[in-house]
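>>> Take this sequence and fold it.
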Amino acid sequence: MEAFLASVLAFFVGVIALVIPGFRTAEPPRWNGYVEADYVYAAPLGAGQIATLAVREGDTVAVGDVLFTLGHGQQQAMLDSAEAGVAVAEANLANLTTGSRQDEIDVIRATLSKAQSDLSLARDNSARSGKLFAEGIVTQAQLDQARASLASAEAAVRQLQAQLKVAELPARDAQRLAAEANVAMARAAVEKAASELADRSVLAPAAGRIERLFFDAGEVAAAGAPVVAILPEGALKVKFYLPEAVRQSFALGDRVAVSCDGCAAGLTASVSYFAADPQFTPPVIYSRDERSRLSFLAEATLDAGTLHPGQPVTLERLP
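Now for the predicted structure:
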């Protein structure tokens, strides 16, 4: 009897729904969007011709894997020259002489005065580069170069101060101090040249899949120009637009269901960003009627799944 009454009730509900528009249960609101990815880009610190590409599109890499190398003939020559400078400095240290003539002292003082001027300029350039780097105007490589120039200028001043002290004091120990400082500077030059040589091999800054190669072997890449794009795991997000009337009911962390043609069921995402400015709005004064035309960009980070960048999706709010 109860089953019969339930079926009769369902029949009348269906008839009423056909006769009275809007009687059916309202469908939950849905919003259209698309998948986007936060790529990690690998770029060389200095310009150069790409000598080898160690990866292909679709490969999986770990942090620290070699992605590509640049031609390094010039850097190798600089390292060889710096190592030869160490040999010369060490030979001078071993072949000390005592005493110096006044003319030699005058030359050292003049050279020291010039080195101090160069140091003052290097300090100004380093401070200026630091401010420009903070504003995003100069690259990390340019900031490092300014700091390296400052360090070199400081070392030159210390070397000449030590040489002047040695020239004024005929003691053999003072000359040894200058020669030892010269050896230290030469060894610092070796470390700098070795670092620049190592920078010609670019390593993966993040683990993930190689999504795109922007250059081929033999082409010339500029300093800071992306050569490889890496898609890290968990870097996919969904971009969608919320009407002005709905935006206020959402908060960061709210969860949404994600669906698309051919996708597996059960995909979810968490809202991670809201744009402060409205989108697709004509330049008119906002009235009560015009506010209904506003929409706000939102982003939701995908929890899991195998979606691809650019794929259109539909979102529905979860309870």
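
>>> By residue count, tell me the biggest helix in this structure.
Using DSSP state H to assign secondary structure, the helix with the most residues in the chain is helix 102-134.

>>> What is the helix or strand just after that one packed up against?
For helix 102-134, the succeeding helix or strand toward the C-terminus, using DSSP states H and E, is helix 140-168. In terms of contacts (3 or more C-beta pairs under 8 Å, 6 or more residues apart in numbering; DSSP states H and E), helix 140-168 is packed against helix 102-134, helix 172-198. C-beta here means a position set from N, CA and C on the backbone, and glycine is covered the same way.

>>> out of those helices, deepest packed?
Using mean count of other C-beta atoms under 10 Å, the stretch among the helices and strands packed on helix 140-168 with the greatest mean number of neighbours is helix 172-198 (a mean of 17).

>>> Taking helix 102-134 as reference, get the angle to it.
Here helix 172-198 runs at an angle of 30 degrees relative to helix 102-134 (axes from the mean of the first three to the mean of the last three C-alpha atoms, to 10 degrees).

>>> which residues are contacting stretch 144-153?
Among residues not part of stretch 144-153, those counted as contacts by C-beta atoms under 8 Å, 6 or more residues apart in numbering are 45, 115, 118-119, 121-123, 125-126, 128-130, 188, 192.

>>> returning to that earlier point: turn the helices and strands packed on helix 140-168 into CSV, including mean pLDDT.
Rendered in CSV, the data for the helices and strands packed on helix 140-168 read as follows (pLDDT from 0 to 100):
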stretch, mean pLDDT
helix 102-134, 83
helix 172-198, 86
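
>>> Include distance to residue 297 when you put those into TSV, please.
Formatted as TSV, the helices and strands packed on helix 140-168 follow (distance: least, C-beta to C-beta, whole Å):
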stretch	distance to residue 297
helix 102-134	28
helix 172-198	42
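
>>> what's the closest of those helices to residue 311?
Of all the helices and strands packed on helix 140-168, helix 102-134 sits nearest to residue 311, with 37.0 Å by C-beta to C-beta.

>>> Which neighbouring elements make contact with that closest one?
helix 140-168.

>>> in stretch 67-76, what's buried?
Neighbour-count burial for stretch 67-76, with 16 or more other C-beta atoms under 10 Å as criterion, is recorded at 67-70, 72, 75.

>>> Give me the residues contacting that stretch.
Defining contact as C-beta under 8 Å, 6+ apart, one finds that stretch 67-76 is touched by 42, 44, 46, 48-55, 61, 193, 196-197, 200-204, 215, 217, 221, 227-228.
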